[in-house]
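Asks: Dropping the sequence and predicted coords here.
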Amino acid sequence: MRKPFIAGNWKMNMDCAGAKALAAGLAEQLKSVDTVDVAVCPPSVYLQAVATELSSSNVALGSQNVYFEGNGAFTGELSCAMLKDVCCTYAIIGHSERRHVIGETDELINKKVTAAITGGLLPILCVGELLEEREAEKTTEVVTQQIKKGLAGVTAEKMLAVTIAYEPVWAIGTGKTATADQAQEVHAMIRALLAEMYDQTTADQVRIQYGGSAKPGNTAELMANPDVDGLLVGGAALKVEDFAAMIKTVA
Ligand code: PEP
């Protein structure tokens, strides 16, 4: 039985006061929720401040990125140890904005996934197709490649640390949500792929989140799918009432 997992990706939003207020509001709203794993991923400069607000809550902390090296001359990057030092449990890796805006490759993403697992962070590996790839009926091909390359060298045992987030790029921040059927179809394909790459037991244990304009009004429908185990939420994670409502719906 997979425990639902809802994570909020705050992206490059908020100031310090807003980040602290959002975290404190969620800690308060979600104090009796224990049937859903919840995490928030603020901008890295606010991780420490948010960690303080969440210290006695059941909301975990995640980063939006991580670098694969341990330390040294890597200007602007953050290591697993640094992120753990400020109380991160999770790390989003390979978000579509990092793939398509910053230019991250599957090879780089794979190094980050591997380093995160070794360094004690739980990766949320994001995959998903562009609109033109969906229209060209290449969704399975694109997502399969992203998963195979992103997870290269990750053993079945280590795979239990990984969450996959299926985020069709055309649905992120656009207000266009994949239908429940579209989400289920790709999630089932991903689970079958994991069974082929690993084994059925491993595939049955890995949580697969959906991301792309998820909000309070579509949470129940998306989460009713047997292979949708949670949500990665952008815009709706920036408001205490919306994000808390989504989690309470799932709980
Ligand atoms: C995301 O950033 O991962 C995301 C899914 O954003 P939104 O919910 O705003 O579409």
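Replies: All right, it came through fine.
Asks: Only C-alpha atoms from now on, for both contacts and neighbour counts.
Replies: OK.
Asks: For stretch 15-34, give the mean pLDDT please.
Replies: The average pLDDT for stretch 15-34 rounds to 97.
Asks: An error on my part: the question was meant for stretch 149-160.
Replies: Confidence over stretch 149-160 (mean pLDDT, whole number) is 98.
Asks: gap between it and the chain center?
Replies: 16 Å (Cα atoms, centre = their mean, to the nearest Å).
Asks: in it, what counts as buried?
Replies: If you call a residue buried by 16 or more other Cα atoms under 10 Å, then stretch 149-160 has these buried ones: Lys149, Gly150, Leu151, Val154, Met159, Leu160.
Asks: Any chance you could give me that stretch in PDB, C-alpha atoms only?
Replies: Extracted in PDB, the C-alpha atoms of stretch 149-160 (Å, rounded to 0.1, in the frame of the first residue of the first chain):
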ATOM      1  CA  LYS A 149      18.400   7.400 -18.500                       C
ATOM      2  CA  GLY A 150      17.500   9.200 -15.200                       C
ATOM      3  CA  LEU A 151      17.600   5.900 -13.300                       C
ATOM      4  CA  ALA A 152      20.700   4.400 -15.000                       C
ATOM      5  CA  GLY A 153      22.700   2.500 -12.300                       C
ATOM      6  CA  VAL A 154      20.000   2.800  -9.600                       C
ATOM      7  CA  THR A 155      19.400  -0.600  -8.100                       C
ATOM      8  CA  ALA A 156      16.100  -2.000  -7.000                       C
ATOM      9  CA  GLU A 157      17.000  -1.400  -3.400                       C
ATOM     10  CA  LYS A 158      17.900   2.200  -4.000                       C
ATOM     11  CA  MET A 159      14.800   2.700  -6.100                       C
ATOM     12  CA  LEU A 160      12.800   2.600  -3.000                       C
END
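Asks: Next, count neighbours for Pro123.
Replies: By other Cα atoms under 10 Å, the residues close to Pro123 number 28.
Asks: Please confirm that it is located within a helix.
Replies: No - going by DSSP: H, G, I helix; E, B strand; the rest coil, the assignment for Pro123 is strand, not a helix.
Asks: Correct me if wrong: it contacts Asn110.
Replies: No - counting by Cα atoms under 8 Å, Pro123 does not reach Asn110; the two are 10.6 Å apart.
Asks: Looking at the buried residues of stretch 149-160, which is nearest Val101?
Replies: Distance to Val101 across the buried residues of stretch 149-160 (Cα to Cα) is lowest for Gly150, with 18.0 Å.
Asks: can I assume that closest one is in contact with Glu104?
Replies: No - the pair Gly150 / Glu104 is not scored as a contact, 11.3 Å apart, by Cα under 8 Å.
Asks: who touches the worst-scoring helix or strand of the chain on mean pLDDT?
Replies: Every helix and strand of the chain was ranked by mean pLDDT, DSSP states H and E. The lowest is helix 131-135, at a mean of 95. Contact partners of helix 131-135, identified using Cα atoms under 8 Å, 6 or more residues apart in numbering, comprise Thr139, Val142, Pro168, Val169, Trp170.
Asks: residue contacts, Arg2?
Replies: Contacts of Arg2 by Cα under 8 Å, 6+ apart are Asp204, Gln205, Val206, Arg207, Asp229.
Asks: I appreciate the help and will end here.
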